[in-house]
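> Need a 3D model of the following:
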Amino acid sequence: MLCIGATIFSLLFIPTLSLLAHGEGGGSFETEVGDYFIDIGYYPERLETDAPARLDFDISHKSESGDVPFSNVWVRIDKGTKTIFATGVFRPEFGATGLLYTFGEAGVHTVYVRFQNNEGSIAETSFPVDVLENLDTSESSLLDWKTIVPILWGVLGLLTGAVLSFVLRRRKANKEPLTEVS
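Sure thing, here's the model as predicted:
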């Protein structure tokens, strides 16, 4: 009962945040490769070290409308001649195909992307991203309002669930007939 109350409270009162790569505050790299149009969106527009970045991957036909069916995207991030990250990202049934990545070093990085369909390559491209040094010099991110507010909402949701659980249990106990012990 406690979990149900907290979940309902969270769904009703906690605002959800979404990272939309092509929405406000983001950017994109767009290019034509053969018969395809590749669009890689990123958020935020200013990529900084030690701050998560969202990368979204999309491919479409240049001449036809609609998406190109693909099973996964192979992503590799290089800094100079050194590969610092490589992974496959499966295309989800719903939503954008993407990943969160935190750059550890400032400077120009190269992002390589290859769209695949059951092990066969459809199209690939690469593009440079300039990662800036994070200027946030705060010692503790736990004191950041972006961290504290969701925690407070969660605690408030748990407390609401506990109160609802207590009230419902007490109400149920009051409605049950008392039996005398002989």
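
> list the buried ones in the lengthiest helix in the chain?
In the chain, with assignment by DSSP state H, the single longest helix is helix 145-175. Neighbour-count burial for helix 145-175, counted by 16 or more other C-beta atoms under 10 Å, picks out 157-158, 160-161, 164-165. For every residue, glycine as well, the C-beta is placed using N, CA and C.

> Any regions of the chain where pLDDT drops low?
1-25, 137-146, 176-182 (pLDDT under 70).

> Which residue ranges make up each domain of it?
2-9+140-175, 19-131 (automatic domain parsing).

> Pick the most deeply packed of those.
domain 19-131 (a mean of 15; mean count of other C-beta atoms under 10 Å).

> how distant is that domain from the center of its chain?
Its chain's C-alpha centre and that of domain 19-131 lie 14 Å apart, by C-alpha atoms, centre = their mean, to the nearest Å.

> bridging residues for F37?
Counting by DSSP bridges, F37 is bridged to E32, S60.

> Report the contact partners of it.
30-31, 59-62 (C-beta atoms under 8 Å, 6 or more residues apart in numbering).

> right, and out of the residues you listed, which lies closest to P52?
Using C-beta to C-beta, E30 comes nearest to P52 of the contacts of F37, at 22.6 Å.

> re earlier: what is the nearest of the buried residues of helix 145-175 to G95?
So of those, ranked by how close each gets to G95 (C-beta to C-beta), first place is G157, at 25.0 Å.

> ok, that closest one to V89 distance?
To V89, G157 is 32 Å away according to C-beta to C-beta, to the nearest Å.

> Can you list the neighbours in contact with the helix or strand hosting F29?
Element membership of F29, judged by DSSP states H and E, is strand 27-33. Strand 27-33 is contacted by residues 21-22, 37-43, 45, 62, 111, 123-125, 127 when judged by C-beta under 8 Å, 6+ apart.
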